[in-house]
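Chemist: Please find the sequence and the predicted model below.
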Amino acid sequence: MPKLKVRSAAKKRFKITGKKITKRSPFKSHLLEKKSAVRKRRLGMSSDLSAGDKKNVKKMLGV
């Protein structure tokens, strides 16, 4: 049986913690001057993946 290839992009963007898959929020890398402090703080937190995307991400990660 050949080795299962994992998508490098998915490996960098998602993390499996127990039964959940977490991701980092987008829009936190540049143009931060016009964003409020509350918004930037909220974007800094990681969030859980939606149920609809879990199947695709698991397939990309080889889980």
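Modeler: Arrived safely, thanks for sending.
Chemist: Return the residues in contact with L43.
Modeler: S25, P26, F27, K28, K35 (Cβ atoms under 8 Å, 6 or more residues apart in numbering). For every residue, glycine as well, the C-beta is placed using N, CA and C.
Chemist: Strands of this protein, start to end?
Modeler: With DSSP state E as the criterion, the chain has strands at 14-17, 20-24, 46-48.
Chemist: CSV please, covering those and showing mean pLDDT, mean neighbour count and distance to R7.
Modeler: Listed next are the strands of the chain as CSV, based on pLDDT from 0 to 100; neighbours: other Cβ atoms under 10 Å; distance: least, Cβ to Cβ, whole Å:
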stretch, mean pLDDT, mean neighbour count, distance to R7
strand 14-17, 91, 14, 10
strand 20-24, 92, 15, 14
strand 46-48, 91, 11, 19
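Chemist: Run a quick neighbour tally on the spatially closest residue to L4 that is not a sequence neighbour.
Modeler: In this structure, L4 finds its nearest non-sequential neighbour in G62, 4.6 Å apart by Cβ to Cβ, 6 or more residues apart in numbering. Residues near G62, counting by other Cβ atoms under 10 Å, number 12.
Chemist: list the contacts for G62?
Modeler: By Cβ under 8 Å, 6+ apart, G62 lies in contact with L4, K5, V6.
Chemist: Ranking by neighbours, what's the top pick from these?
Modeler: Neighbour max across these (other Cβ under 10 Å) = V6, 12 neighbours.
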